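J.: Turn this into a structure:
(chains A and B)
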Protein chains: 2
Amino acid sequence: MSDMGITVKKAEDFSEWYTQVVLKSGLADYAPVKGCMIFRENSYAIWEKIQEIFNQKIKATGHRNVYFPLFIPENLLKKEEEHFAGFVPEVAWVTMGGDSQLEERLAIRPTSETIIYAAYAKWIRSWRDLPVKLNQWCSVVRWETKATKLFLRTREFLWQEGHTIHATREEADKEATEILHAYKEVMENYLAIPVLAGKKTESEKFAGALYTLALEALMPDGKALQMGTSHQLGQNFSKVFDIKFLDQNEKEQYAWQTSWGFTTRMIGALVMVHGDNKGLVLPPKVASTQVVIIPIPYKGVDADLIAQKTKCIFNELQENGVKVVLDDRQEYTPGWKFNQWELLGVPIRIELGPRDVKQRQVVLVRRDTLEKTIVKEDETKDAVTKLLEEIQNDLFNKAKMFLEENITTVKTYDEFKKVLENKGGIIRAAWCCNSKCEGKIKDETGATIRLEPLEKEEPTATTCVYCGEKAKETVLFARSY
Amino acid sequence: MSDMGITVKKAEDFSEWYTQVVLKSGLADYAPVKGCMIFRENSYAIWEKIQEIFNQKIKATGHRNVYFPLFIPENLLKKEEEHFAGFVPEVAWVTMGGDSQLEERLAIRPTSETIIYAAYAKWIRSWRDLPVKLNQWCSVVRWETKATKLFLRTREFLWQEGHTIHATREEADKEATEILHAYKEVMENYLAIPVLAGKKTESEKFAGALYTLALEALMPDGKALQMGTSHQLGQNFSKVFDIKFLDQNEKEQYAWQTSWGFTTRMIGALVMVHGDNKGLVLPPKVASTQVVIIPIPYKGVDADLIAQKTKCIFNELQENGVKVVLDDRQEYTPGWKFNQWELLGVPIRIELGPRDVKQRQVVLVRRDTLEKTIVKEDETKDAVTKLLEEIQNDLFNKAKMFLEENITTVKTYDEFKKVLENKGGIIRAAWCCNSKCEGKIKDETGATIRLEPLEKEEPTATTCVYCGEKAKETVLFARSY
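T.: Numbering: from 1, shown residues only, chains lettered A, B, ... in the order given. Prediction:
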């Protein structure tokens, strides 16, 4: 057992706790290549669930999935200068195929705007071809030099990237916003992670975008984590890649574009937000096992009866669409099993021993609070269904409360620094909209502007929190992953 | 229209016909990187369907999906010599990360045995940990130098690769065979492509395997296409990678392993086997659109009524789980739509014009035979359901008949060469089991042994078709993709 359990407390050494949970619950492992990771079955199952949910959403709104090549020729990546400059320090380059030196080196895609837009330029001719709404699920590579953090900072990670083309600016605006909402739903309604929505500042936006919308979550250590971004690309790329169409008046127009993505770092957020000292805590809607049934035979008393009853419960739950496992392995003790399934974060454990059989009852233990309830045998199914919903909601509400308690409004830079040091979290402050102040604050405190509100709010103060000039808007600062 | 339709006949220029169908039906396109391709929405939808079907099968038998890194360090790839030698001429190498030369170059995975088995060696300790049955869906890269053929020969393609670990040889045998059967079901019951099952010869087997099982399909041009392989790896890799476990007697054992894969080349096979002079023909079970409804208003007569009726049919079919599209676009004529949906291979077209409305009927046109049937309006749903099944079966049976008609048993080498030149297809012949004869035949005719029967059959002749020595078994030869 000793090497299975988590040996540090979440509140005491958050970073070590995180790594232990990720490794010991079989979510991930380090790879032989520095900076890379293995997505093991327990995390990949969550990713598949996210794929299923998001695919359903985007297909219902006319998006379709595709797969573009891994390799991008250097000259293509270079075409949009700002974009290239943003990515080139982190590109992994293929220079050899077999024994031969390549004539032009190939980038492993850090993102696929350039290769996809070269194809769009070929494919799109008329307004009848629009909108084009494609998405791909793939891995991307960014040659990070900072320390590896599983799910959060690795040289290769998994994501989806959507790339759409529209006839007008308004349609592209609408698409970028709708996707942001779809993201928010996945995160809040399934992962049970509350997020803040807003716009990135000029200096934080995607290289080559008109503007970037983003969602930010707050981690228990007070740092923000960017959960997804949706970019209105304007006509920047369409002009560079020559993506034009004939409109209904037979006039040539440059297309309006969006791109948007979220990544497997969401799984890291899931671990951090909900996990506890015993390991993972999974929201029922994304758990590939929602209920584990553990028979507890005591010195052989009623062993057959217990086996029979647990099998019955298993069948009933399975028939009702609950993802349930019956752990009747002989080679492990019930205590060992409790620990293992708690480590894995399975939302509900059902225990059944001789006393329960006699009293025609079962014991339900919820993973998030470890609270036990005894329910009548024939009410198991209803109790489980209800409890799964309750756990899903409670996890979200708890995280939501934490987020709200950790948004602090400040008026002065002193206050700003004090809050950042003592409490962390999100800091609401007035800003003059000058990127110089933004940069100074970042250099001096490590906090960046995570979001500008979507609708400009009245400033929380009349003057900028840094320079004291007239404030133009209220923005959200935080240190971040 | 002229650039939309297929301009050559399948029977006259098979290769050009294939390329036109693939490009014009929006299945795929060439990429800016030589030898690479774009999997467009119409092929990726088929791939997603294949994923859905196969995932369901393997998850039901305890397999789980994972994702291992794209990069494999050279020293790891080198560990199993035979394996390395088999792949090294085709490896794409990453040598730079950002501006820095890497200390050790990294292979883009050509297949993932080595990186996965290095992890297995870390993870597996005891018989309690077995079996391990993992699978991943990803792209792999093999730096082909031969001419690109979309879906069939590209430098990057999509596949699934399964990697399992077992305690005994028998269990690994069983796994390799069961997977072969699961593959066969996907190919025959969904893609409607009949396949032959058998074993690869020593010289054709996977580099590093004990033996390789394979499925072969026959293309209309008389060439065989390998559709999937399942390898019993024995203990070759476990000895090299040190994958050991303590058995129930606390004795250390090397693990037995399998690996297996199929690729997006199956989509190429689908095009070749079922397509015709008008384009794609999709089996209903893998078509993302099974039925298209096209209203045919005639000079405005009954236009509203037609619109209303087609909408009704659309709703009824959709409610019954049929994947249906109502193509009521105003900007295209019915004739243009017919051609487009035929090109895309949609199994059934429903037409509805003023006469049909009057007579309370609809016209069903099946894509495979282009045969028209008139059915009563209120029998549409049942007729469609029945016809979809019929098309699925007919496509399979037609391909099955073609396959059977093109397996020729020969006794002499002269006969062998004559059949190969004049008819092509699969040639059954007796063989002495000496790889020299196999090599000579390959050099002289281009035909290889595609399969040895799983159960040794009585030789079709007493002497080897090439050398005249005593024959040991009957095998299947063909030229292949």
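
J.: Off-centre distance for stretch A:122-138?
T.: A distance of 26 Å separates the centroid of the chain from that of stretch A:122-138, by Cα atoms, centre = their mean, to the nearest Å.

J.: How far does that stretch stretch from one end to the other?
T.: End-to-end distance for stretch A:122-138, by Cα to Cα, to the nearest Å: 23 Å.

J.: What residues of that stretch count as buried?
T.: Buried residues in stretch A:122-138, counted by 16 or more other Cβ atoms under 10 Å in any protein chain shown: A:124, A:127, A:130-138. For glycine as for every other residue, the C-beta is placed from the backbone atoms N, C-alpha and C.

J.: Tell me the one of the residues you listed nearest B:Asp382?
T.: A:Lys133 (34.6 Å; Cβ to Cβ).

J.: so that closest one touches A:Gly62, yeah?
T.: Yes - if you go by Cβ atoms under 8 Å, A:Lys133 and A:Gly62 touch, sitting 5.5 Å apart.

J.: quick one on the thing from earlier: possible to save the buried residues of stretch A:122-138 as a markdown table with pLDDT, distance to B:Glu48 and secondary structure?
T.: Formatted as a markdown table, the buried residues of stretch A:122-138 follow (pLDDT from 0 to 100; distance: Cβ to Cβ, whole Å; DSSP: H, G, I helix; E, B strand; the rest coil):
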| residue | pLDDT | distance to B:Glu48 | secondary structure |
| --- | --- | --- | --- |
| A:Ile124 | 97 | 24 | coil |
| A:Trp127 | 96 | 29 | helix |
| A:Leu130 | 97 | 24 | coil |
| A:Pro131 | 98 | 21 | coil |
| A:Val132 | 98 | 18 | strand |
| A:Lys133 | 98 | 16 | strand |
| A:Leu134 | 98 | 13 | strand |
| A:Asn135 | 98 | 12 | strand |
| A:Gln136 | 98 | 12 | strand |
| A:Trp137 | 98 | 10 | strand |
| A:Cys138 | 98 | 14 | strand |
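
J.: hang on, A:Gly228 packs against A:Met187?
T.: Yes - using Cβ under 8 Å, A:Gly228 is in contact with A:Met187, at 7.4 Å.

J.: got any residues that touch both of those two?
T.: A:215, A:266 (Cβ atoms under 8 Å, 6 or more residues apart in numbering or on different chains).

J.: more crowded one of those two?
T.: Ranked by neighbour count (other Cβ atoms under 10 Å in any protein chain shown), A:Gly228 and A:Met187 place A:Gly228 first, with 26 against 23.

J.: near chain B, which residues of the stretch 101-250 of chain A show up?
T.: Contact residues, the stretch 101-250 of chain A versus chain B (Cβ under 8 Å from any Cβ of the partner chain): A:105-106, A:108, A:115, A:118-119, A:122-123, A:128, A:134, A:138-139, A:141, A:143, A:145, A:155-156, A:158.

J.: Save the buried residues of stretch A:122-138 as TSV, and put in distance to B:Ala11 too.
T.: Output for the buried residues of stretch A:122-138, formatted as TSV (distance: Cβ to Cβ, whole Å):
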residue	distance to B:Ala11
A:Ile124	34
A:Trp127	38
A:Leu130	38
A:Pro131	39
A:Val132	35
A:Lys133	38
A:Leu134	35
A:Asn135	38
A:Gln136	36
A:Trp137	39
A:Cys138	38
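
J.: Run through who's touching stretch A:248-257.
T.: Contact with stretch A:248-257 is made by A:117, A:120, A:124, A:127, A:130, A:163-169, A:171-172, A:232-235, A:237-239, A:243-247, as judged by Cβ under 8 Å, 6+ apart.

J.: Mean confidence (pLDDT) on that stretch, please.
T.: Per-residue pLDDT over stretch A:248-257 has a mean of 97.

J.: Kindly check the end-to-end length of stretch A:319-327 for me.
T.: End-to-end distance (Cα to Cα), stretch A:319-327: 18 Å.

J.: ok, and what's touching stretch A:404-420?
T.: By Cβ under 8 Å, 6+ apart, stretch A:404-420 touches A:218, A:222, A:423-430, A:441, A:445, A:447, A:460-461, A:465-466, A:476-477, A:479.

J.: Stretch A:354-361 now?
T.: Outside stretch A:354-361, the residues that touch it by Cβ under 8 Å, 6+ apart are A:296-298, A:301-302, A:305-306, A:309, A:362-363, A:374-378.

J.: And that stretch, how far out from the chain middle?
T.: Going by Cα atoms, centre = their mean, where stretch A:354-361 is centred and where its chain is centred differ by 42 Å.

J.: Show me which positions of it end up buried.
T.: A:354, A:356-357, A:361.

J.: I'd like the next helix or strand past the helix or strand hosting A:Leu387.
T.: A:Leu387 belongs to helix A:380-405 when assigned by DSSP states H and E. Scanning forward in sequence from helix A:380-405 by DSSP H and E, the next helix or strand is strand A:407-409.

J.: list the buried ones in the helix or strand just after that next one?
T.: Per DSSP H and E, strand A:407-409 leads on to helix A:413-422 as the next helix or strand towards the C-terminus. Going by neighbour count (16+ other Cβ under 10 Å), the buried part of helix A:413-422 is A:413, A:416-417, A:419-420.

J.: ditto for stretch A:202-218
T.: Neighbour-count burial for stretch A:202-218 [16+ other Cβ under 10 Å]: A:204-218.

J.: Which pLDDT value belongs to A:Glu457?
T.: 69.

J.: re the thing from before, which one of the contacts of stretch A:354-361 has the most neighbours?
T.: When neighbours are counted by other Cβ under 10 Å, A:Val362 leads those with 25 neighbours.

J.: Leaving out the residues flanking it, which one is nearest to whichever residue of the stretch 301-450 of chain A sits closest to chain B?
T.: Nearest to chain B in the stretch 301-450 of chain A, going by Cβ to the nearest Cβ, is A:Glu331, at a distance of 6.0 Å. Closest residue to A:Glu331 apart from its sequence neighbours, by Cβ to Cβ, 6 or more residues apart in numbering or on different chains: B:Arg128 at 6.0 Å.

J.: any idea how far the one you found lies from B:Ile165?
T.: 13 Å (Cβ to Cβ, to the nearest Å).

J.: residue furthest from the geometric center of chain A?
T.: A:Val301 (47.1 Å; Cα atoms, centre = their mean).

J.: what residues are up against that residue?
T.: A:Pro354.

J.: how far away is it from A:Ile350?
T.: According to Cβ to Cβ, A:Val301 and A:Ile350 sit 19 Å apart.

J.: picking up where we left off before, spatially, which two of the buried residues of stretch A:202-218 are the most separated?
T.: Top of the distance list for the buried residues of stretch A:202-218 (Cβ to Cβ): A:Gly208 and A:Leu218, 28.4 Å.

J.: Identify the spatial nearest neighbour of the residue most central in space within chain A, chain neighbours not counted.
T.: The residue lying closest to the centre of chain A (Cα atoms, centre = their mean) is A:Met266, at 2.0 Å. Nearest residue to A:Met266 in three dimensions, chain neighbours excluded: A:Met227, at 6.0 Å (Cβ to Cβ, 6+ apart).

J.: Can you name the helix or strand that that neighbour falls in?
T.: Here A:Met227 sits within strand A:224-234, counting by DSSP H and E.

J.: for the stretch 351-481 of chain A, which spans come out with low pLDDT?
T.: Counting by pLDDT under 70, the low-confidence segments of the stretch 351-481 of chain A come to A:456-457.

J.: Near chain B, which residues of it are found?
T.: Counting by Cβ under 8 Å from any Cβ, no residue of the stretch 351-481 of chain A is near chain B.

J.: For chain B, state which of the buried residues of stretch A:202-218 is nearest.
T.: Among those, and counting by Cβ to the nearest Cβ, the member closest to chain B is A:Ala207, at 15.6 Å.

J.: so what's the closest one up against?
T.: A:82-83, A:85-87.

J.: Tell me how chain A divides into domains.
T.: Split into domains by automatic domain parsing, chain A comes to A:14-274, A:284-390, A:407-478.
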